[in-house]
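Visitor: just a sequence and a predicted model for now, questions to come.
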Amino acid sequence: MSALPEFSIIVFSFLLHFVWEFWQAPTYAGMIELNHWDGIKLCSSATFGDVGFALTAFWITSAAARTRYWVVKPAPWHVVLFLAVGIILTVGFEYYYTNITLRWTYSDLMPLVPPFGTGLSPLLQWLAIPLAVLWFTRRQMPSPPGSTRDQGEVLS
């Protein structure tokens, strides 16, 4: 199971996004005032969404690369596509939840990035965390069957 790239993407995404969600809590209105358990539930829910974004970005990149093992030796365009999908999802969902459904709002501590008024923290999250996830995943992944890391073969 741990040889599947998705397993590593899920585990490392969950661990890293979970920590980020708690650290950025002050940049969302009302998070500081929540009781402990409600804060844990809310940050956990957001983390599961982040894991879903990471898997979506991984699968889209895998489809474009025509291999699920692109993480073993990623080309620069793989990394750019992986990050771009996550950022597009983040901007879209942040806009939807802060402007359409009003499910959450930013506190005064959150700098906003034009043109959609997306919070800086979630954007930085989708630059820093995915790069770390790819780094950890690559270092723990065994080479796919029939290839070596040094040869950088692309497999289906």
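Guide: Cool, got the structure. Numbering: from 1, shown residues only.

Visitor: which residues of this protein fall in helices?
Guide: All helices of the chain, identified by DSSP state H, fall at 5-23, 36-65, 76-95, 120-140.

Visitor: of all those, which one is nearest residue 30?
Guide: Closest to residue 30 of those is helix 36-65 (CB to CB; 9.6 Å). Just so you know, the C-beta spots here come from the backbone N, C-alpha and C atoms, and that holds for glycine as well.

Visitor: from the middle of its chain, how far away would that closest one be?
Guide: 6 Å (CA atoms, centre = their mean, to the nearest Å).

Visitor: and that helix, what does it pack against?
Guide: helix 5-23, helix 76-95, helix 120-140 (3 or more CB pairs under 8 Å, 6 or more residues apart in numbering; DSSP states H and E).

Visitor: circling back: now the helices of the chain in CSV, with mean pLDDT and distance to residue 106?
Guide: As requested, those are arranged in CSV below (pLDDT from 0 to 100; distance: least, CB to CB, whole Å):
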stretch, mean pLDDT, distance to residue 106
helix 5-23, 95, 14
helix 36-65, 95, 14
helix 76-95, 96, 9
helix 120-140, 95, 9
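
Visitor: dump the helices and strands packed on helix 36-65 into a markdown table; add mean neighbour count as well.
Guide: Putting these into a markdown table (neighbours: other CB atoms under 10 Å) gives the following:
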| stretch | mean neighbour count |
| --- | --- |
| helix 5-23 | 19 |
| helix 76-95 | 17 |
| helix 120-140 | 18 |
